[in-house]
Structure formats: C-alpha cells, structure tokens
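A.B. asks: no sequence on this one, just coordinates:
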C-alpha cells in the first residue's frame, strides 16, 4: 500500500470557524490562517492551549481496490522545556516552560510540575544542562526526562505565540542532551526517588557523573552518593539513555557505595528499552561499590536491549590488580521479564551475587525469571544465559538443572529449566594440627593455656575448635 499524500490541519480551537447560536451561515469566528497549520507530509507544531485538528488523505485507487490511511495523534498532558540559563519570562512566546519560553533548569521544571499537580509529566531538554543540587521527585508524580524534539532557536529567532506554518523548527541534531553532575554536588545524589508513588524515567539522554572533574587529585571533595537514590517508586532507563562517567569515593574501603544507582526499600528498577538501546558504562566506585546496587524487596524488570558493563571498582588508583568489574550487585530478588516482553540477544549485564548466597554445590540463586512461565516442562523463555556475565570470581551463570536445589527454597523445590541461576564454587578448607615433628595431634591432646584478660582477674574466652581436623566451607563472593 502506497500513501501518495497526507495532510494535517491543526490549530487553535478558539479560532475554529463555528456557530454556537445555530446560525450555520454566520460563524462566531472566521478562520484566522496565521493560527493554523496546514501541513503536507512534514513536521509542525502548535502552541499551548485548546487545539482542534482535521486529517485527510489522497489515494489513487484502482477499480475494486481498498487502501487504508492511519493517522496517529500524540498528546502529552504536561510538558516543560528546559534550556540552560533561560528565564522562562518571555510570556509573549508562551507560558513558562513552553518550547519558546523554556525554564532554565530541571529543578525549576520539577517545581512547576509539583505546583500544577500533574501526575504524569515530561521534561524536554533543549540543551545540555547541569544539576547543581539534589532533585526530589514529588509524591505520586511520574516524570520522564528526555531530549527535546525541537531545539532552542538561534539568537534573533523565537517561537512566538500562534502557530508555525512557514518553517519547520530546527531539529536537535547534535545527539542526546547531557545532564551533568555539578562540580559542587558531592554529598547528595543528583536525583532522589523517595516519595510514595514517585517515578523517574530517562529517555534519549546522557547522564554524566562528571568524572573528569571529580577524579582530579586537586579536587578534595569527592562524591559520596550515587547519581540516583531510590527507596520507593520506580526508576526507568528507556531507549537512548546512557549513564556514564559517574565517580564515587566515600573514603571508606568496603562501604560498597554504588556509582550510578542505589535501589533499596521497595523501589523498582525498570531497564526497559524496546525499539532502541540503553547503556550504563564507564562508571567508577573507589570504595568497592558497583554501578548499580539492588537490595530492594521488588524485582527489577528487564526488556529490550540494555548494556551494563565496563563499570569499575578500585580501592586504589595506583594498583591495577585492585580494579575490577562490578556492574550490578543483587540477590534479594531476581530480574523479571513481564508478559509479552523479551530480552534482546544484544543485552549484556555483568552481575555479582551479594545476597542470598548458595550454601551447597549446584544450588542456585534465581537471576532472571518471567511472568507466566510454566511451573514444569520446557518453554521458549525470553532471555538467555549469554545475556549475563558473572563479575565475581567463582560465580557462574547457568540455566536451571532439575537435579539441583534453589537457594532459600524448601529442599523439595528444584531448579526450573526455564530459569537462569547464579551458582558459586564450593571448597573445603581442612585445618590439621601438627607437632614439631609434623605428626598430627588430636584435639583432646592439645593444651590451650589460659590467656590473661585485658584487666586483672579476667580471662579471654578460649574459642573451641573441632577435634583433630576442622572443616570450613568457603563460598566465593
């Protein structure tokens, strides 16, 4: 089917030729062409306010032939445009936040969304922007931050009130807009999702943790919080999103502070990029932390093509042996693929099991599952073992084996052949007590002296040991 021509006629409802008195030949408003767009096969835009539109299509039909034209109208209920440094005071170009009168920061846009009580809203970035103070997503509010379809106009031009029907507004062609961590934002995350019912989504943007600044030796105040902290609600990573260059150093080795996201409480991480791809890469945590730390009681969800690789943790910058890949740490809940969703073969996620560790050889902790899978029998599961890499030495990604148990489940439960698990190597450590001649000593022959306590008249309790040989089970973490 070939559609030869399609047209859209859209404009201000208040200037629609119409009759509210019943006098069809005497409309209340005559058509004001400067307030309307009549477009053929091209992009256009309309100003805020009530709008009306009509659509038409032209076909060259052969006898008995049927053709179909489809028109799609997309309206976002609450949209605020952001241009770094803008004031939002040019009322002649529309209300503050309109594409011709953008506000100057994401924080200002969020404040206006909260003030107008919008439950679902969009923030469109016309330029790169910096986050200088932590932004909290309001309660019961779902916000998506993405690159604007239409960029800010050059100097001397403006999106005035009315409708543009002469020139297609310039499209942003220099790639996704960048959201950068400000030089002074160190103690707090860039974004907080900590209010009931709050949601924060990213689409077609680059979130930059400003490693180029914070990794300098001359910068003494280092970030001690990730880019995003979520304790409830949800965080969505959509198509076209990249999180990179995060840098966290809380000066406490082993603190495990993540560089990009800390997902705890009952917050949901939604890695969801059908029709495109999303990546989280090139982020550093100096004190043993991963890029993403998931301890939430809710399962993270996965769909489309997502890459979470190449994120490092290193205790010292000068010792390469201590620089390792630590991308996602998890174990409390597995990834979940919702019905009708699937994980693309290009998806690669490095994982480390940090909770719910297996306690026996072959036992596995569930890594990913999907809604609606059969309890028994084989099925076409929407992911594969190759979607994941085990970052930690001694951990392995395997498909379920019905001969093996599931971590934390009753002994009668066995692994499902449609589910992916993480297993760990198990080793026995045997301690043997020997005398000066190298002969083994039975425990009942050992003489353990009383050790003086730290104060007069006290003793330090003696730690008991297993007789003759002591066995210890080692689990790789």
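C.D. replies: The structure has been received and is ready for your questions. In this text, all values refer to a predicted model and were calculated from it rather than measured experimentally.
A.B. asks: mind listing the helices for the protein?
C.D. replies: With DSSP state H as the criterion, the chain has helices at 106-116, 211-214.
A.B. asks: how about low-confidence regions in the protein?
C.D. replies: For the chain, applying pLDDT under 70 flags the ranges 1-54, 73-75, 90-94, 153-174, 252-254, 315-321, 443, 446-477.
A.B. asks: gap between residue 82 and residue 435?
C.D. replies: As judged by Cβ to Cβ, to the nearest Å, residue 82 and residue 435 stand 76 Å apart. (C-beta placed from N, C-alpha, C; glycine too.)
A.B. asks: could you find the closest non-adjacent residue to residue 407?
C.D. replies: Of all residues not flanking residue 407 in the chain, residue 365 sits nearest, at 4.2 Å (Cβ to Cβ, 6 or more residues apart in numbering).
A.B. asks: beta partners for that neighbour?
C.D. replies: The bridge-partner assignment for residue 365, based on DSSP bridges, gives residue 422.
A.B. asks: show me the contacts for it.
C.D. replies: Taking Cβ atoms under 8 Å, 6 or more residues apart in numbering as the criterion, residue 365 is in contact with 331, 334, 353, 356-358, 406-408, 421-423.
A.B. asks: out of the residues you listed, which are buried?
C.D. replies: Neighbour counting by 16 or more other Cβ atoms under 10 Å classes 331, 334, 353, 356-358, 406-407, 421-423 among the contacts of residue 365 as buried.
A.B. asks: now the residues you listed in TSV, please, with extra columns for distance to residue 322.
C.D. replies: Formatted as TSV, the buried ones among the contacts of residue 365 follow (distance: Cβ to Cβ, whole Å):
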residue	distance to residue 322
331	23
334	29
353	21
356	26
357	23
358	26
406	34
407	29
421	29
422	23
423	26
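A.B. asks: so which of those belong to strands?
C.D. replies: 353, 421-423 (DSSP state E).
A.B. asks: just those now: which is nearest residue 62?
C.D. replies: residue 421 (58.8 Å; Cβ to Cβ).
A.B. asks: residue 409 is in contact with that closest one, correct?
C.D. replies: No: contact criterion Cβ atoms under 8 Å: residue 421 and residue 409 do not qualify, at 11.3 Å.
A.B. asks: highest mean neighbour count out of the helices of the chain?
C.D. replies: For those, the largest average neighbour count (mean count of other Cβ atoms under 10 Å) is found in helix 106-116, namely a mean of 19.
A.B. asks: so what's residue 179 closest to, chain neighbours aside?
C.D. replies: Residue nearest to residue 179 in three dimensions, not counting chain neighbours: residue 207, with 4.9 Å by Cβ to Cβ, 6+ apart.
A.B. asks: next up, the contacts around the one you found.
C.D. replies: 178-179, 190, 227, 241-244.
A.B. asks: now render those residues as JSON lines, adding neighbour count and distance to residue 345.
C.D. replies: Below are the contacts of residue 207 laid out as JSON lines (neighbours: other Cβ atoms under 10 Å; distance: Cβ to Cβ, whole Å):
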{"residue": "178", "neighbour count": "18", "distance to residue 345": "29"}
{"residue": "179", "neighbour count": "24", "distance to residue 345": "30"}
{"residue": "190", "neighbour count": "26", "distance to residue 345": "32"}
{"residue": "227", "neighbour count": "28", "distance to residue 345": "28"}
{"residue": "241", "neighbour count": "27", "distance to residue 345": "20"}
{"residue": "242", "neighbour count": "22", "distance to residue 345": "20"}
{"residue": "243", "neighbour count": "29", "distance to residue 345": "22"}
{"residue": "244", "neighbour count": "19", "distance to residue 345": "23"}
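A.B. asks: between those residues, which sits nearest residue 69?
C.D. replies: residue 241 (33.4 Å).
A.B. asks: what about the longest strand in the protein?
C.D. replies: Using DSSP E, we find that the single longest strand of the chain is strand 268-280.
A.B. asks: pairing partners for it, with directions?
C.D. replies: strand 234-237 (parallel), strand 242-244 (parallel), strand 301-308 (parallel).
A.B. asks: let me know whether residue 288 touches residue 313 as I believe.
C.D. replies: Yes: between residue 288 and residue 313 there is a contact under Cβ under 8 Å: 5.4 Å.
A.B. asks: mind listing the shared neighbours of the two?
C.D. replies: residue 326.
A.B. asks: so for the two, which sits in the more crowded spot?
C.D. replies: Neighbour count, other Cβ atoms under 10 Å: between residue 288 and residue 313, residue 313 has more, with 27 against 18.
A.B. asks: and that one, what are its bridge partners?
C.D. replies: Counting by DSSP bridges, residue 313 is bridged to residue 285, residue 324.
A.B. asks: go ahead and confirm it touches residue 293.
C.D. replies: No: the criterion here is Cβ under 8 Å, and residue 313 misses it with residue 293 at 11.1 Å.
A.B. asks: before we move on, back to that, more neighbours, residue 82 and residue 435?
C.D. replies: Applying other Cβ under 10 Å to residue 82 and residue 435 shows that residue 82 carries more neighbours, namely 27 against 9.
A.B. asks: quick one: residues contacting the spatially most central residue of the chain.
C.D. replies: The geometric centre of the chain, computed from its C-alpha atoms, lies nearest to residue 237 (Cα atoms, centre = their mean), at 3.4 Å. Contact analysis of residue 237 by Cβ under 8 Å, 6+ apart lists 201-202, 243, 269-273, 278, 280, 306.
A.B. asks: would CSV of those with distance to residue 251 be doable?
C.D. replies: Supplementary listing: the contacts of residue 237 in CSV, determined by distance: Cβ to Cβ, whole Å:
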residue, distance to residue 251
201, 32
202, 29
243, 23
269, 27
270, 32
271, 30
272, 35
273, 35
278, 31
280, 24
306, 31
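A.B. asks: circling back to that earlier point, adding distance to residue 145, write the strands paired with strand 268-280 out as JSON lines.
C.D. replies: Output for those, formatted as JSON lines (distance: least, Cβ to Cβ, whole Å):
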{"stretch": "strand 234-237", "distance to residue 145": "10"}
{"stretch": "strand 242-244", "distance to residue 145": "12"}
{"stretch": "strand 301-308", "distance to residue 145": "18"}
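A.B. asks: out of these, flag the one nearest residue 371.
C.D. replies: Going by Cβ to Cβ, the one of the strands paired with strand 268-280 nearest residue 371 is strand 301-308, 9.7 Å.
A.B. asks: who touches the closest one?
C.D. replies: With contact meaning Cβ under 8 Å, 6+ apart, strand 301-308 is reached by 237, 239, 268-281, 291-292, 327-328, 335-338, 341-344, 346-350, 368, 383.
A.B. asks: selecting buried members of these in PyMOL, what would you type?
C.D. replies: A single PyMOL command selects the buried members of the contacts of strand 301-308 (16+ other Cβ under 10 Å):
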select buried, resi 237+239+268+269+270+271+272+273+277+278+279+280+281+291+292+327+328+335+336+337+341+342+343+344+347+348+349+350+368+383
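A.B. asks: circling back: between the contacts of residue 207, which is nearest residue 379?
C.D. replies: Each of the contacts of residue 207 was scored against residue 379 by Cβ to Cβ, and residue 241 proved nearest at 30.7 Å.
A.B. asks: now do the contacts for the closest one.
C.D. replies: Applying Cβ under 8 Å, 6+ apart, one finds that residue 241 lies in contact with 176, 202-207, 273, 278-279.
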